[in-house]
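[1] can you look at this prediction? I've put the sequence above it.
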4 protein chains.
Amino acid sequence: MKKESNKLKENLVNSDFSVKGECAISLILTKLDIINIELSMILDRNVIQMKTGRMKSYESTCKKMKKKGLEKNFSNALEKINDLIGVRAICSYVDDIYRIAEILSEQKDVKIVKVKDYIRDPKSSGYRSLHIIMEIPIGFQGGTQWMKAELQLRTAAMDYWANLDHQLRYKRGRKEAEVIDEELRACSDIIGTLDRKMLEIRKKIDKI
Amino acid sequence: MKKESNKLKENLVNSDFSVKGECAISLILTKLDIINIELSMILDRNVIQMKTGRMKSYESTCKKMKKKGLEKNFSNALEKINDLIGVRAICSYVDDIYRIAEILSEQKDVKIVKVKDYIRDPKSSGYRSLHIIMEIPIGFQGGTQWMKAELQLRTAAMDYWANLDHQLRYKRGRKEAEVIDEELRACSDIIGTLDRKMLEIRKKIDKI
Amino acid sequence: MKKESNKLKENLVNSDFSVKGECAISLILTKLDIINIELSMILDRNVIQMKTGRMKSYESTCKKMKKKGLEKNFSNALEKINDLIGVRAICSYVDDIYRIAEILSEQKDVKIVKVKDYIRDPKSSGYRSLHIIMEIPIGFQGGTQWMKAELQLRTAAMDYWANLDHQLRYKRGRKEAEVIDEELRACSDIIGTLDRKMLEIRKKIDKI
Amino acid sequence: MKKESNKLKENLVNSDFSVKGECAISLILTKLDIINIELSMILDRNVIQMKTGRMKSYESTCKKMKKKGLEKNFSNALEKINDLIGVRAICSYVDDIYRIAEILSEQKDVKIVKVKDYIRDPKSSGYRSLHIIMEIPIGFQGGTQWMKAELQLRTAAMDYWANLDHQLRYKRGRKEAEVIDEELRACSDIIGTLDRKMLEIRKKIDKI
């Protein structure tokens, strides 16, 4: 069991997998660049304001596997942990998020595995984002391999909330945290309203 | 008059001034980097999420001078247009904005010329940000010169609003725009509330 | 004729073509990133030290068309000017250049149009580099389009020489320039020798 | 002894020192940016082609202390290891290197501690570069602190050689390495000649 866990670490860090993961991140970021360049020509504004990518650390992976009750080995990680390879993009408006999702879904070298729409149905915590689990082909000398990655699309307001929620991560379970959870949910509702209103206004501006 | 305007263009574009302006932007961005690095050690989170700098274009400068009823010449531009050299930083929470402003004001190689607090007193349009007009010394071979620059500090929510407001810029004056202005003001109030609540929650999380 | 030249400018600047060109540059830079990441794992050293991309300016395009005796129109530019879209990579050693060229030639989404080997056969000026004219598919909403681009692969020493040669560009034709051309050719020979010796040494180090 | 070594590690990694070191690197890179911007206006070409900065790793620091016969503790490291904080800039020509050194030496917020001119007097290995040990003030909330850093200035050809030499680092001491050392020295002589000739040609081009 200990040995499997060490193998898991080896596989996640400084390995063939992590190299290919970095390549997958590069490719997805470039895809987002291209979508942004094209849409900005049509819409005369940026649709993507910021984007980042990262490989999930060994520590976070273990924590998530434990939470899901999974045995710690690499094939479990590959199969069940969707965001081993993760990319996040902050989008200007809610409709831009779905626009980007649609363009990606039409690309031949992108397989959409699953879409989790936490914008239409926020998590009970109040978390909002669109998650797209996708596979993209990485062309290596030994042949092409399809790599799974999770793309998180959010507005700036959703990201604001998610960062604050993230700061609570190690403090959950304590009694004081419960009250805060409640207040975070209330903030998430404000953000939902704000995003809707901002989108309505932008649509009105577009029409003038 | 035409000639003065051409000289203004020359002075703003590809000139000694624009070179020094780029240097001023580099220096301010580095100052923000250092402040972020130091505070992130103390607070265990980022205080600056994103930052950008730019020289104001000749066209925007002329538009602003016209709006202010100024004669188009370079000395007028230097004296009256505070954001010829501009840097913007998106901060995590409202108190981070004032924290950064305070650190800057204590630095020996920064002269604070003026602070416009559009967070405590939003513009009538609903615009919120903290503007710091400052001077920093640029050490060139010909000696040191103090350059004026405007630093805009905002939360992500304030920036969200400002971007939307910016999209209305060429459409103002039309009748349809008036209704939108009203709705933007309402959104600005939501953002004020959101920023306050997010800060309250973060302070509670800090205390746990 | 004047009108065609204006259309050429429109097509090269701020157009659909220039947008797709920027996307092609992004994609090629990402391809080089991936190749570098993979090879650096195998070889335990970087094979690409630096890389840049740029769209050819309208002025340079006109100059080149004039030099080639071409009528200034966009279809001529597209067909005959290979480096409208250009990427340059500085490689560690001469064999790395051919290694990268081979990997690219095996990729399914790269069509090699032409290879000009100015390393084996330097130009009479002394210019050394490997030029790969290639086509890559850019997936846009309106369908996929294959874009032509030129990739220049060089060692640092070849790049050193090319930069110096470039500084002479506007002074060619004058009498003093002739002597310099001769000296540049002599330097190019030194660089050829240096690159060979450096490669020999690296191969010996690899074997220890 | 073991404990001191652990303290050394703590001090070099994730500490106040490493944070300030990152700030020092940012500041030096910005200084080089400003020098490059200013000189490029005067000379109509780049003087700095590439630049990088890094904190020395704990492992490399220990290795260097062992080589120098120093006891492993932080005050020894701070005092005797000049390149704990290191910046490297690749310059276009040899005279640019001295030009940059001179500008830095005239800046009020730079103290030059020592200059090691391995261009005029290459190391016996053949290594060529100009090393400037300098101190710069980092303004933190707790007051200003002068941080020591090493700036290495080289031409592209010198850097080419240094990278190759670096690949031999773990193989020194073996018999085969001796022959290679000899060949590296011969290459260094070629590079010295090349740099001189390139500079002569550039000066002639400047005069036309």
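    Looks like it came in fine.

[2] buried set for whichever strand or helix holds A:Asp159?
    Applying DSSP states H and E as the criterion places A:Asp159 in helix A:156-167. Using 16 or more other Cβ atoms under 10 Å in any protein chain shown as the test for burial, helix A:156-167 gives A:156-165, A:167. The way it works is simple: take the backbone N, C-alpha and C, and place the C-beta from them, glycine included.

[3] among these, which ones lie close to chain B?
    A:156-157, A:159-161, A:163-164, A:167 (Cβ under 8 Å from any Cβ of the partner chain).

[4] and which of these is nearest to chain D?
    A:Gln167 (19.7 Å; Cβ to the nearest Cβ).

[5] so that closest one is in contact with B:Ser92, correct?
    No. The pair A:Gln167 / B:Ser92 is not scored as a contact, 9.5 Å apart, by Cβ atoms under 8 Å.

[6] just the buried residues of helix A:156-167: which has the poorest pLDDT?
    Within the buried residues of helix A:156-167, A:Gln167 has the lowest pLDDT, namely 88.

[7] give me the helix or strand of chain A that scores worst on average pLDDT.
    Here the helix or strand of chain A ranked lowest by mean pLDDT, DSSP states H and E is helix A:2-12, holding a mean of 75.

[8] before we move on, back to that, intersection of neighbour lists for A:Gln167 and B:Ser92?
    B:Arg45 (Cβ atoms under 8 Å, 6 or more residues apart in numbering or on different chains).

[9] re earlier: packing partners of the helix holding A:Asp159?
    strand A:85-91, helix A:175-207, helix B:156-167, helix B:175-207 (3 or more Cβ pairs under 8 Å, 6 or more residues apart in numbering or on different chains; DSSP states H and E).

[10] nearest to D:Leu194, out of those?
    strand A:85-91 (44.3 Å; Cβ to Cβ).

[11] when you scan the closest one, is anything in it near chain C?
    No. Applying Cβ under 8 Å from any Cβ, one finds strand A:85-91 separated from chain C by no less than 13.4 Å.

[12] what's the following helix or strand past the least confident helix or strand of chain A packed up against?
    Scanning forward in sequence from helix A:2-12 by DSSP H and E, the next helix or strand is helix A:16-43. Contacts defined by 3+ Cβ pairs under 8 Å, 6+ apart place helix A:16-43 against strand A:48-55, strand A:85-91, helix A:94-105, strand A:130-140, strand A:143-155, helix C:16-43, strand C:130-140.

[13] put together CSV for those, with mean neighbour count and distance to D:Ser57 on each row.
    What follows is those, written out as CSV (neighbours: other Cβ atoms under 10 Å in any protein chain shown; distance: least, Cβ to Cβ, whole Å):
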stretch, mean neighbour count, distance to D:Ser57
strand A:48-55, 17, 21
strand A:85-91, 23, 27
helix A:94-105, 18, 39
strand A:130-140, 20, 29
strand A:143-155, 20, 30
helix C:16-43, 20, 18
strand C:130-140, 20, 35
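
[14] dump the ones you listed into TSV; add mean pLDDT as well.
    Formatted as TSV, the helices and strands packed on helix A:16-43 follow (pLDDT from 0 to 100):
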stretch	mean pLDDT
strand A:48-55	95
strand A:85-91	97
helix A:94-105	96
strand A:130-140	90
strand A:143-155	93
helix C:16-43	89
strand C:130-140	90
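
[15] which one, of these, ends up nearest to B:Ile85?
    Nearest to B:Ile85 among the helices and strands packed on helix A:16-43 is strand A:48-55 (22.6 Å), distances taken as Cβ to Cβ.

[16] so what are the sheet partners of that closest one and their directions?
    Its sheet considered, strand A:48-55 pairs with strand A:85-91 (antiparallel) by DSSP bridges.

[17] show residues contacting the strand it pairs with.
    A:21, A:24-25, A:28-29, A:32, A:47-56, A:97, A:100, A:147-156, A:159.

[18] likewise for stretch A:17-24?
    A:11-12, A:55, A:74, A:84-85, A:136, A:138, A:140, A:145, A:147, A:149, C:33-34, C:37-38, C:41.

[19] from D:Ala156, how far off is the nearest residue to A:Phe140 once chain neighbours are set aside?
    Excluding the flanking residues, the one nearest A:Phe140 by Cβ to Cβ, 6 or more residues apart in numbering or on different chains is C:Glu38, at 5.9 Å. Distance, C:Glu38 to D:Ala156, using Cβ to Cβ, to the nearest Å: 25 Å.

[20] now do A:Ser105
    Taking Cβ to Cβ as the measure, A:Ser105 falls 46 Å from D:Ala156.

[21] tell me the centre residue of chain A?
    A:Gln152 (2.4 Å; Cα atoms, centre = their mean).

[22] surely that one touches A:Ser129?
    Yes. Assessed by Cβ under 8 Å, A:Gln152 is found in contact with A:Ser129 at 5.1 Å.

[23] what score does A:Thr193 have for pLDDT?
    96.

[24] so what's it closest to, chain neighbours aside?
    Closest residue to A:Thr193 apart from its sequence neighbours, by Cβ to Cβ, 6+ apart: B:Ile190 at 6.8 Å.

[25] what residues does chain A put near chain B?
    Near chain B, when you scan chain A using Cβ under 8 Å from any Cβ, you find A:45, A:50, A:92, A:155-157, A:159-161, A:163-164, A:167-168, A:171, A:174, A:176-177, A:179-180, A:183-184, A:186-187, A:190-191, A:193-194, A:197-198, A:200-202, A:204-205, A:207-208.
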